[in-house]
Every structure is written in structure tokens, then in C-alpha cells.
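In: Have a look; sequence and predicted model below, questions after that.
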Amino acid sequence: MFLNWLQHETSGLLTLCAVGIAVLLVMIIRFRIEPFIALLVTGLLIALAAGLPVEDIVGTAQKSSDSLIEGGFASILGHITAIIGLGTILGSMLEASGGAQLLTRKLLGAFGENRAPLAMGLSGLIFGVPVFFDIGIFVLAPLVYVVARQGKRSILLYCLPLVAGLSMTHAFLPPHPGPVVAAGLLGVDLGWIILMGLACGLPAFVVAGLLYPVWIGKRITLPVPADMLAAADELAAKREGRPDPPLGVVALIIGLPMVLILGATFGSITLPEGSGALSVLTFLGNPTVALTIAVLLSFWLLGTRRGMTGRDLSELTSGALRPLGMLLLVVGAGGFFGKVLAETGVGDALAGSLQGVGLPMIVSAYVISSGLRIAQGSATVAIVTTGGIVAPLVGSAGLSQAQLALIAVAIAAGSIIASHVNDGGFWIISRYFGIPVSDMLKSWTVLETLLSLVAFGMAAGISLLVA
């Protein structure tokens, strides 16, 4: 009787889903189990509790390619692995060549000392497109120290715009893992993710990354720690005499993939099917092809033309890719987790419940993602888990690409809300800018919450206008 209720009744399936997510969070938060293992174990437990045949879950001794476990991993990793890998290499080339420092110096020179916070914010926004959040902090933090020393004001006024720009691009724009994973789970073209990510993320950046730092920077005065200034001066001395890459080359390599991807998206809307121009745009605008072109250009323009050997490029590439293993395992396990939820019928049960409550799908997606983010700290886990829950709901809803992209943005917005002590990014920023925990909660945590709320508000508003 109990098993029949658990496996077939709406209330039982929802209970199974809730217990599964609770077990997942306890494993990650209480027992510090790697999210990859936690997602895999939880997915297997839910599948068994739901009464799915073992052959469907893991296959047979002779064949397992059609199983949930292999299909779940393949369904998402086949979409994102090349994109994330190529994006990581591209960011490493820009970092190693000094392109980030050049861009920031040019912006500081253009805007002047009085508008240095704006220049730092734009640096994070532009350089954040091709590089991961933490790498952007590592590379640009020394420039924040120097500018804050020259401005003689709180370091918050300079570092918060920078990290807001990095956070916005990391949350909402490809080739970063979050938006790429959300796109893969929901079946959204990356061109639409870029369009909606910019439409929702840029206003959020203005509020959280430009207006809020000015307000909080006047209320919390934090000097730049002396040891950080010494480290920045030492780094500047090491780079002295090393030529910078041309600014146009840096801009080309950062912007080219986005232009090509958007070209394919607009081409699919404006050009007739089967036309030669559409075929060319579709090929060049495929995210993997677009990023491959940009990476090869970076190898030539930032590498070999500036004295790097094939061995140097090989070492840089392998070093950039080495940390991606755990990230891809987490994403793959999340794909399996989501496939299990879809196969058990939990998704349909959840859809019916949400419709009964009256919450729009975009609101539900945001609430689920926000809850997961606050509970366990990882944006990636929040996106992967929410995407797995929401994917079955949107699959039969007949939504357009624009609407699906807005739901992906809502999930991404929820995944960054209220960064606090269980988030690794919280401690990176605290360490690199010398900000005490109490002030981190007043500044960075509030900034991320504003970024999340404004981006979600934009997504919800635009969703009322698009079809």
C-alpha cells in the first residue's frame, strides 16, 4: 500500500522528490560529501524507491548505453563539455598574455580617477565573458589594490563593481558553466541565452554593481591591507618591460564567439530555411565552432606571434583544463539526477502541483533555485538540480526559445542569491580584498541578492511580453 502511494500517487511522488532533495542537501552540507557523489547516490536511491526496473536504471551486463545512468550523463555532458573546455582555454590565453590588465588600464585611463569604480566594473563585465569568476579575481585584484590606494577611499568602492561584473557574466552568459548547463537541460539555443542574459543581467549589474557599491562604500571604510599592496607592487615589477597585446586583438578574441553565436540566432529568425547564408551562419555560430575559432586565433595572435612555443601553449592548455574534472562530474551527475526525476513521473506531479498553487513556471524555477543555493552554497548544484526538476515541466508546455531562455535566466538568478559562508566565492573575495566576514555579509551578500532579484524581475517582466 505504501509503495503504491509513493510510486503512483501525486502526493507520494512529491514526497519522494522532497525527501530526495533533503537527502542530497544533508549529504553535501552535513557530511561534506562531494556534490558529484551526492547527486549520483541520491539519483540511484530515488530511482529504486520509485520502483524503476534495475535494467532501466543501470542497464544489463551486456548493454548499458540506454540506461538512465549513462543516458543522463551523456545528455548534458555531450552538450557542454567542449564549450566549457574551449572557454576555459580562451580565458587562460587572455590571462597569460596580459590582456585583462591591459583592458583595465585602458578603461581607467579613459574614465579617470573619479570614475575608477565604473572602470573596474566594466573590466569585470568585459573580462568576465571568457574567464571563470575566481580567475578574474586572481588576475584583476592587484589592479584594485593600486587604484584603491590612489583613490584613498574604501576598497569596497573599487572591488565590488569588479566582482559584480564578474558575477553577472558568470551567472548569465556562455561559455560559463551555469548558463550553458541550464541551456542544455532546457533545450535552449545559446544565442537566446546570450540575448536574455544581457537583457536581464545588464540592468542588474547597474543596480548591484554600480549604484550599490557607491552607497555601501561610503558607509564601510576599509583600507587596502599593506601586504596586498606589496604583492601588487611586486607583480607590477615582474611585468614591467613585457609588451602588452594590442587592445584590438583582445577585444576581437573576447567578442568574436558571442558575435558568431548571435549571428546564427538572428539568421535562424530572418533567413529562409535551406539558404546558403543560413547554413554558413549556423555552422560558424555553433558554440563549439565559434569558440574553436576564437581559441585558434588566440593561439596565433596572443601566443606564437608573441614568442610562445608549441610547448608553452600545450602546458598552458593542459593546466587550464586540469581543474575541470570535478565540475564536469557534478554536471553529469546532475543530468542523471534530472533524468531520474523525469522517468519517475515526479516532474509531471510537480507540474500539476505548481499549476494548482498558481505559481507561474518562471517563478517556481526561481524559488527552487534560490532555496537550493541558500541551503548548500553551490551555484552549479542549484542550477543542475533545478534544471533537472524543471525540465520535465517545460518539455510539454510548448514554450518558445525566448520563454525557455528566460526560465534559464531565472534559474541562474536564483543560483547566485544571498552568497554567504557556505559559498566558496564568499571566502575568495574576503581573502583577496581583506574584508571581514561581518562586512562581507553587509556588502557582498547584499550585492549578490540585488543582482539576483533585479535579474529575476527583468526576466519575469520580459516573459509577459514575449511569445
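Out: That came in fine, so what should we check first? What you see is a predicted model; the values in this text were computed from it and never measured.
In: element containing Val181, please.
Out: When elements are assigned from DSSP states H and E, Val181 belongs to helix 177-186.
In: so where's the stretch 101-250 of the chain uncertain?
Out: Scanning the stretch 101-250 of the chain for pLDDT under 70 picks out 227-242.
In: where exactly do the strands run in it?
Out: Counting by DSSP state E, counting those that start in this stretch, one finds no strands in the stretch 101-250 of the chain.
In: quick revisit: show me what the helix holding Val181 is packed up against.
Out: Helix 177-186 is packed against helix 68-97, helix 156-172, helix 190-205, helix 324-344, helix 379-395, helix 401-414, with contacts defined by 3 or more Cβ pairs under 8 Å, 6 or more residues apart in numbering; DSSP states H and E. Bear in mind the C-beta positions are built from the backbone N, C-alpha and C, glycine included.
In: Show me what the first one is packed up against.
Out: Applying 3+ Cβ pairs under 8 Å, 6+ apart, one finds that helix 68-97 makes contact with helix 35-49, helix 54-58, helix 133-151, helix 177-186, helix 247-270, helix 287-298, helix 310-321, helix 324-344.
In: Please identify which of those helices is closest to Arg373.
Out: For the helices and strands packed on helix 68-97, the distance to Arg373 is smallest for helix 177-186, at 10.9 Å, taking Cβ to Cβ.
In: picking up where we left off before, what's the most buried one of the helices and strands packed on helix 68-97?
Out: Among those, helix 177-186 has the highest mean neighbour count (mean count of other Cβ atoms under 10 Å), at a mean of 27.
In: how far does that helix sit from the chain's center?
Out: 9 Å (Cα atoms, centre = their mean, to the nearest Å).
In: same question, stretch 162-169
Out: On Cα atoms, centre = their mean, the centre of stretch 162-169 falls 11 Å from that of its chain.
In: re earlier: and the helix holding Val181 with helix 133-151, angle?
Out: With axes from the mean of the first three to the mean of the last three Cα atoms, to 10 degrees defining the directions, helix 177-186 sits at 150 degrees from helix 133-151.
In: how about helix 177-186 as CSV, C-alpha atoms only?
Out: Extracted C-alpha coordinates of helix 177-186, given in CSV (Å, rounded to 0.1, in the frame of the first residue of the first chain):
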residue,chain,number,x,y,z
PRO,A,177,29.0,26.5,-16.9
GLY,A,178,25.8,27.8,-15.3
PRO,A,179,24.1,29.2,-18.4
VAL,A,180,25.5,26.5,-20.6
VAL,A,181,24.1,23.8,-18.3
ALA,A,182,20.7,25.5,-18.0
ALA,A,183,20.6,25.8,-21.8
GLY,A,184,21.4,22.1,-22.2
LEU,A,185,18.9,20.9,-19.6
LEU,A,186,16.0,23.1,-21.0
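In: ok, and what's touching it?
Out: Contacts with helix 177-186, where a contact means Cβ atoms under 8 Å, 6 or more residues apart in numbering, come from 75-76, 79-80, 83-84, 170-174, 188-190, 193, 197, 287, 327, 331, 334-335, 338, 379-380, 383-384, 387-388, 390-391, 394, 404-405, 407-408, 411-412, 415.
In: how about 6 Å then?
Out: 76, 79-80, 83-84, 171-172, 174, 190, 193, 331, 379-380, 383-384, 387, 391, 394, 404, 408, 411-412 (Cβ atoms under 6 Å, 6 or more residues apart in numbering).
In: ditto for stretch 248-262
Out: So stretch 248-262 is contacted by 99, 103, 129-130, 190-191, 194, 284-285, 287, 290-291, 294, 297-298, 301 (Cβ under 6 Å, 6+ apart).
In: From those, pick the one nearest Ala349.
Out: Leu190 (30.6 Å).
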